[in-house]
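**Student:** structure here, sequence nowhere to be found:
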């Protein structure tokens, strides 16, 4: 037996006897790759919750104001469906009410992205096969991915605990543990999805679908119950985080329920990981038609992205309907509080409170739609780096034609989901359909500008293309948190959304709309020109 064969046999025996061999090395590699993204996630999620006490104290500085807010929220089913019930009128309890649900969702998104990135995406790219040729145990990649997510969720929990300790150490720890625990739970959900599917995109979609179902169940349960005791709420892991009741006679045993679910799902993921080969899955992808719709680059782009567009469309229609139904209750949320009214007016304009609320929601939908558009544009990058673009371009397909299919989905899909969000808002609100639909479509120039910037980054410097996500996320943070922090208008104007008219309610201003549309067109043209000139997979 040659030395190479002996080394290979020895590595195989070590791998079989030590399924976790190489976990530490893979964990260090994962943390190094995420050294910028992971701290950003932690700071955004933990910082949002930790800063909530100061924001709410400025809005509701007296015990009477907080008690009035708690009473009005518990009497408003629409607000309960969005934020959940208020279990106490202390400042800490109001922070938990206002931020726990959304922070838990963000922690879950962070976890699913991390786990899928370091499992299924590594297998899709072929890197995992190279790594596994060394002394790497069968379950080491999954363990390293889960540990990466656990580290991120633990950091979020610690930041929340430290930031809210002044409101009560026990309540702060309970809130941090509930949010971090929800993130870990969905990390194990993503681990199962990564074993079941052949595609990282499908694994993310399945996990995101489970997360969306959990949110809908909690929202439906809280809409019908003011104490969080609905069966639907208890069927949702997000409802479990809510029912920890941070800062309100904490229910510590609910954390054991989260821990039990994490253990059970992790056991399933590890069992599945030990029974499949690298690159394989338990739910193989169906082969598509060889001709017809896939005979063109545009047809292929549509086939690759239609599932994502469908999910966004359904989500936007449902979310628009929910927020539209809440518009009439906006006065209950604000009451006679001048600070809260000022925040809504900064987000939605100086019109009536209902119009300001609708304008704020339209703007929020637009900023989130930019994430869809950027993701659809950057699908070009993932197709290139995974070497799936090269066989397409080797045929009679030019680069511009190939890119045009994905751009059509990105720009046209953004228009579709914004139109559906407007339809949902109008349906839930029960009036002003034309004005709300028009306001929704007016967000598109800003959405297209961010998509065009992502294309330019991809065309000029593919390795920096992920910065498009950062720019879109920064714009979302400026629009979401900026008004509450009373940031100066020049800072808010760093986002293209800060220049758009606050419709419905405000006067229409065509100049910024036309300028942003022209800017988007210039960015797209420059990005396509750069893509045409550079080498593929450079």
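**Tutor:** In hand now; what should we look at? What you see is a predicted model, and the numbers here were worked out from it, not measured in a lab. Residues are numbered from 1 along each chain as shown.
**Student:** name the element residue 501 belongs to?
**Tutor:** Residue 501 is part of no helix or strand, with elements assigned from DSSP states H and E.
**Student:** contacting residues for it?
**Tutor:** 349, 442, 507, 508, 509, 512, 513 (Cβ atoms under 8 Å, 6 or more residues apart in numbering). Glycine gets a C-beta too; all of them are placed from N, C-alpha and C.
**Student:** and for residue 231, nearest residue in space, chain neighbours not counted?
**Tutor:** By the measure of Cβ to Cβ, 6 or more residues apart in numbering, the closest residue to residue 231 outside its immediate chain neighbours is residue 221, 6.9 Å from it.
**Student:** sorry, slip of the keys, the one I care about is residue 534.
**Tutor:** Leaving aside its sequence neighbours, residue 534 sits nearest to residue 459 (Cβ to Cβ, 6+ apart; 7.2 Å).
**Student:** quick check: that neighbour touching residue 524?
**Tutor:** No - counting by Cβ atoms under 8 Å, residue 459 sits too far from residue 524 to count as a contact (9.5 Å).
**Student:** helices or strands next to the host helix or strand of residue 517 in the packing?
**Tutor:** Assigning secondary structure by DSSP H and E places residue 517 in helix 510-533. Under the contact criterion of 3 or more Cβ pairs under 8 Å, 6 or more residues apart in numbering; DSSP states H and E, helix 510-533 touches helix 399-429, helix 444-460.
**Student:** what's the first helix or strand after the first one?
**Tutor:** If you walk from helix 399-429 toward the C-terminus, the next helix or strand you reach (DSSP H and E) is helix 433-441.
**Student:** name the helices or strands packed onto that next one?
**Tutor:** Partner elements for helix 433-441 (3+ Cβ pairs under 8 Å, 6+ apart): helix 353-377, helix 399-429.
**Student:** can you tell me which of those helices is most buried?
**Tutor:** Among the helices and strands packed on helix 433-441, helix 353-377 has the highest mean neighbour count (mean count of other Cβ atoms under 10 Å), at a mean of 25.
**Student:** if you count neighbours, what's buried in the helix or strand just after that helix?
**Tutor:** Per DSSP H and E, the first helix or strand lying C-terminal to helix 353-377 is helix 379-385. Of all the residues in helix 379-385, those buried under the rule 16 or more other Cβ atoms under 10 Å are 379, 380, 381, 382, 383, 384.
**Student:** same deal with stretch 31-42?
**Tutor:** 34, 37, 38, 41, 42.
**Student:** what ranges of the stretch 101-250 of the chain fall below the confidence cut-off?
**Tutor:** For the stretch 101-250 of the chain, applying pLDDT under 70 flags the ranges 125, 128-136.
**Student:** what is the neighbour count of residue 476?
**Tutor:** 20 (other Cβ atoms under 10 Å).
**Student:** correction: residue 167
**Tutor:** 22.
**Student:** do you know which of the helices and strands packed on helix 510-533 lies nearest residue 359?
**Tutor:** helix 399-429 (10.4 Å; Cβ to Cβ).
**Student:** average pLDDT for the closest one, rounded please.
**Tutor:** Confidence for helix 399-429, expressed as mean pLDDT, is 90.
**Student:** okay, the helices and strands packed on helix 510-533 in a markdown table with distance to residue 532 next?
**Tutor:** Listed next are the helices and strands packed on helix 510-533 as a markdown table, based on distance: least, Cβ to Cβ, whole Å:
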| stretch | distance to residue 532 |
| --- | --- |
| helix 399-429 | 5 |
| helix 444-460 | 8 |
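**Student:** re the thing from before, tell me which of the buried residues of helix 379-385 is nearest to residue 268?
**Tutor:** Residue 268 has its nearest neighbour among the buried residues of helix 379-385 in residue 382, at 27.7 Å by Cβ to Cβ.
**Student:** buried residues in the host helix or strand of residue 300, which are they?
**Tutor:** Applying DSSP H and E as the criterion places residue 300 in helix 297-326. Neighbour-count burial for helix 297-326 flags 297-302, 304-305, 308-309, 311-313, 315-326 (criterion: 16+ other Cβ under 10 Å).
**Student:** what about it, distance to the chain center?
**Tutor:** Distance of helix 297-326 from the chain centroid (Cα atoms, centre = their mean, to the nearest Å) equals 14 Å.
**Student:** would you map the helices across the stretch 51-200 of the chain?
**Tutor:** Along the stretch 51-200 of the chain, counting by DSSP state H, counting those that start in this stretch, helices occupy 52-59, 63-74, 77-83, 91-117, 120-125, 127-132, 140-163, 169-196, 200-224.
**Student:** export the ones you listed as JSON lines, with columns for distance to residue 425 and mean neighbour count.
**Tutor:** Formatted as JSON lines, these follow (distance: least, Cβ to Cβ, whole Å; neighbours: other Cβ atoms under 10 Å):
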{"stretch": "helix 52-59", "distance to residue 425": "25", "mean neighbour count": "19"}
{"stretch": "helix 63-74", "distance to residue 425": "21", "mean neighbour count": "17"}
{"stretch": "helix 77-83", "distance to residue 425": "13", "mean neighbour count": "21"}
{"stretch": "helix 91-117", "distance to residue 425": "19", "mean neighbour count": "26"}
{"stretch": "helix 120-125", "distance to residue 425": "36", "mean neighbour count": "22"}
{"stretch": "helix 127-132", "distance to residue 425": "44", "mean neighbour count": "15"}
{"stretch": "helix 140-163", "distance to residue 425": "32", "mean neighbour count": "23"}
{"stretch": "helix 169-196", "distance to residue 425": "28", "mean neighbour count": "26"}
{"stretch": "helix 200-224", "distance to residue 425": "17", "mean neighbour count": "21"}
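**Student:** may I see those organised as JSON lines, with distance to residue 357 added?
**Tutor:** As requested, those are exported to JSON lines (distance: least, Cβ to Cβ, whole Å):
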{"stretch": "helix 52-59", "distance to residue 357": "16"}
{"stretch": "helix 63-74", "distance to residue 357": "15"}
{"stretch": "helix 77-83", "distance to residue 357": "11"}
{"stretch": "helix 91-117", "distance to residue 357": "16"}
{"stretch": "helix 120-125", "distance to residue 357": "39"}
{"stretch": "helix 127-132", "distance to residue 357": "48"}
{"stretch": "helix 140-163", "distance to residue 357": "28"}
{"stretch": "helix 169-196", "distance to residue 357": "27"}
{"stretch": "helix 200-224", "distance to residue 357": "18"}
